[in-house]
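A.B. asks: below are the sequence and a predicted model; questions follow.
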Amino acid sequence: MQLVHYTVFGLFFLMELGALAAFSYWGFHMNRGWLISSLLGLGTPLLVAIFWGTFIAPKASIPVSIPLTILLQSIIFALAVAALHFSDKSKLAIIFGVVVLIEMILMYTIED
């Protein structure tokens with residue numbers, strides 16, 4: 001059972017990195033000039049990572065309750081799916097959304 005827990009946590013971490021990559025891809029593919037695209041491509045994932053570390057991470061500096069953690073994670077992952085969709089990567093957005101849904105269910109339903 002321990003292997004299942006480690007696998008779920010490892011996949012969840014990869015999902016977090018995937019969300020940051022989705023935000024970066026979205027930012028760099030904005031057609032607003034190189035300066036705005038660069039700021040969005042670097043700034044958006046940085047802000048999301050800071051937010052995640054502040055409120056959602058296991059060792060968050062301002063920890064929140066489990067229901068609020070689930071809500072905040074869901075919002076960030078939904079925004080990552082939207083970022084992929086609006087970057088003309090709709091199939092990838094659907095795949096990522098399904099993976100997020102399955103992984104979130106596993107993360108919060110597997111018994112310790």
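C.D. replies: Thanks, I have the structure now.
A.B. asks: residue closest to the middle of the chain?
C.D. replies: In the chain, the C-alpha closest to the average C-alpha coordinate belongs to residue 19, at a distance of 3.4 Å (Cα atoms, centre = their mean).
A.B. asks: so that one is in which element?
C.D. replies: helix 2-28 (DSSP states H and E).
A.B. asks: tell me the mean pLDDT over the following helix or strand past that helix?
C.D. replies: For helix 2-28, the succeeding helix or strand toward the C-terminus, using DSSP H and E, is helix 34-51. The pLDDT scores in helix 34-51 average 95.
A.B. asks: so, low pLDDT: which residues of this protein?
C.D. replies: Residue ranges of the chain with pLDDT under 70: 111-112.
A.B. asks: rerun at 80
C.D. replies: Scanning the chain for pLDDT under 80 picks out 1, 111-112.
A.B. asks: need the contact partners of stretch 99-112.
C.D. replies: The contact list for stretch 99-112 (Cβ atoms under 8 Å, 6 or more residues apart in numbering) reads 4-5, 8-9, 11-12, 15, 66, 70, 73-74, 77, 80-81. For every residue, glycine as well, the C-beta is placed using N, CA and C.
A.B. asks: any of these buried? List them.
C.D. replies: 8, 15, 73, 77, 80-81 (16 or more other Cβ atoms under 10 Å).
A.B. asks: so which of these comes closest to residue 35?
C.D. replies: residue 80 (23.5 Å; Cβ to Cβ).
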